[in-house]
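A.B. asks: Give me a 3D structure for the following:
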Amino acid sequence: MEIIQPLRIGKLVAINSILQGAMGLYVSRKLQKPAMKEGCISTASGICFLGQTRNFVELANEALVKEIRDSRDSVDDPLAVNVMEVLGNARELVKTAVAERVRMLVVGAGLWMDLPRHVEDTEVALVPIVGNVRATNLILRNWDRKYGRVPGAVIVEGPLAGGHLGHSLADLADPENVCLERIIPAVLQVIEPYQQKYGIKIPVIAAGGIHDGHDMARMLRLGASGVQIATSFVVCDECTAHPNFKQMYLDCTEDDLVVIKSPVGMPAKAIVNPFVRGLASNVATRVVCPYHCLKSCKREQALYCIAERLTMAYNGDVTNGLVFAGAKAHLLKKTTTVRGVIQGLLADLKEEGFVPSVPLT
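C.D. replies: Reported below is the predicted structural model:
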């Protein structure tokens, strides 16, 4: 039998080695407490507010404070916050999360080279999401040289993830070359000298296409310390997305999962619907944007407002909205609960010969 060691990232621990991934624009809202109860480190999305107001930054900070306080019972709960580097208010959100004593920050959608400068508290674990060895190298070398600091963990996200992808379209056309089976061993090699230098373990977390415990077992055998899972939690009763949104997951086929171009400037994986089909015509919709939530968004050239479309879908308009999903969403055929997802994973792991070092109920 192989032992599942708890995933330790700074002061946070996932006794089942599972990180519940954030899903923006409210999709992962209300998943935090049940996920933590089941032994996960849970991640809240930093995008908690996108209102039509001049006070966007101020109200976004207030919304994040509420999200954090609603998501945990104490500062000792294993709660992280995800902040997209590409957000125009990313630095304000980071400051807000640190002020609320969040012990772990997950950062993606861009390489945040100066993040340690904005988070001087070394007890806050900084966890970048990377898609390749090059990004890992850049972050580790930069943080080490300039700040004498290394990540608390590294999330390696493969091309099967949902939403924004840290891979080029060329990479996505050759998925075998950028699969986790190739990236994780290479990232582990990059990390090793820094682990030796700082005398610490830098856990590698596999993300993207982790559907069941068999997927998780494969990642653990590659050397990953844990996995991040997001898509599977959408069809949970605790997820507050509209039933129409969840039904898109339950009804989709493998052919319905497509890569689109996002105003963020990155490819993204979504479920095909009339809106997505219309994007193929490259006809822009009228974009009305009183705030600039994305640094890279060229509003005058954008085909659509991604914040508007994601919100529409979350609220039930799955004809005109945008539904992000991972490449294995088509395997989800019934609604469940957060506990059901975790228990299913653990049952699969047992079949694979894995047992937890800490008894899980």
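
A.B. asks: Strands of the stretch 51-200 of the chain, start to end?
C.D. replies: 79-84, 104-108, 125-130, 154-157, 163-164 (DSSP state E, counting those that start in this stretch).

A.B. asks: Next, format those strands as a markdown table and append mean pLDDT and mean neighbour count.
C.D. replies: (C-beta placed from N, C-alpha, C; glycine too.) Putting these into a markdown table (pLDDT from 0 to 100; neighbours: other Cβ atoms under 10 Å) gives the following:
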| stretch | mean pLDDT | mean neighbour count |
| --- | --- | --- |
| strand 79-84 | 92 | 26 |
| strand 104-108 | 93 | 25 |
| strand 125-130 | 95 | 26 |
| strand 154-157 | 95 | 27 |
| strand 163-164 | 79 | 25 |
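
A.B. asks: Turn those into CSV, including distance to residue 264.
C.D. replies: As requested, the strands of the stretch 51-200 of the chain are exported to CSV (distance: least, Cβ to Cβ, whole Å):
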stretch, distance to residue 264
strand 79-84, 8
strand 104-108, 11
strand 125-130, 14
strand 154-157, 15
strand 163-164, 6
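
A.B. asks: looking at those, which is closest to residue 219?
C.D. replies: strand 154-157 (9.2 Å; Cβ to Cβ).

A.B. asks: Which strands border that closest one, and is each parallel or antiparallel?
C.D. replies: In the sheet, strand 154-157 lines up against strand 125-130 (parallel), strand 204-207 (parallel) (DSSP bridges).

A.B. asks: Point out where the protein drops to low pLDDT.
C.D. replies: Residue ranges of the chain with pLDDT under 70: 49-54, 170, 172-173, 282-302, 358-361.

A.B. asks: what's the domain layout of it?
C.D. replies: 2-240+333-356, 243-329 (automatic domain parsing).

A.B. asks: Need the winner for burial among these.
C.D. replies: domain 2-240+333-356 (a mean of 20; mean count of other Cβ atoms under 10 Å).

A.B. asks: Between the two ends of it, what distance do you get?
C.D. replies: 8 Å (Cα to Cα, to the nearest Å).

A.B. asks: Now do it: distance to the chain's middle.
C.D. replies: Computed by Cα atoms, centre = their mean, to the nearest Å, the separation of domain 2-240+333-356 from the middle of its chain amounts to 5 Å.

A.B. asks: Please enumerate residues in contact with stretch 58-72?
C.D. replies: Contact with stretch 58-72 is made by 29, 32-33, 36, 42, 44-46, 48-51, 53, 79, 81, 89, 92-93, 96-97, 100, 102, as judged by Cβ atoms under 8 Å, 6 or more residues apart in numbering.

A.B. asks: for stretch 135-154, same thing?
C.D. replies: Contacts for stretch 135-154 (Cβ under 8 Å, 6+ apart): 9-10, 104, 111-117, 122, 125-128, 130, 156, 166, 187, 190-191, 194, 197-198, 200, 202-205, 225.

A.B. asks: repeat that with 6 Å
C.D. replies: 9-10, 111, 113, 116, 125-128, 130, 187, 190, 194, 198, 203-205 (Cβ atoms under 6 Å, 6 or more residues apart in numbering).

A.B. asks: can you tell me how far the nearest residue to residue 197 once chain neighbours are set aside sits from residue 182?
C.D. replies: Closest residue to residue 197 apart from its sequence neighbours, by Cβ to Cβ, 6 or more residues apart in numbering: residue 144 at 7.6 Å. Noted for residue 144: a distance of 25 Å to residue 182, by Cβ to Cβ, to the nearest Å.

A.B. asks: on that earlier part again, let me have the strands paired with strand 154-157 in TSV, extended by distance to residue 65.
C.D. replies: Below are those laid out as TSV (distance: least, Cβ to Cβ, whole Å):
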stretch	distance to residue 65
strand 125-130	20
strand 204-207	26
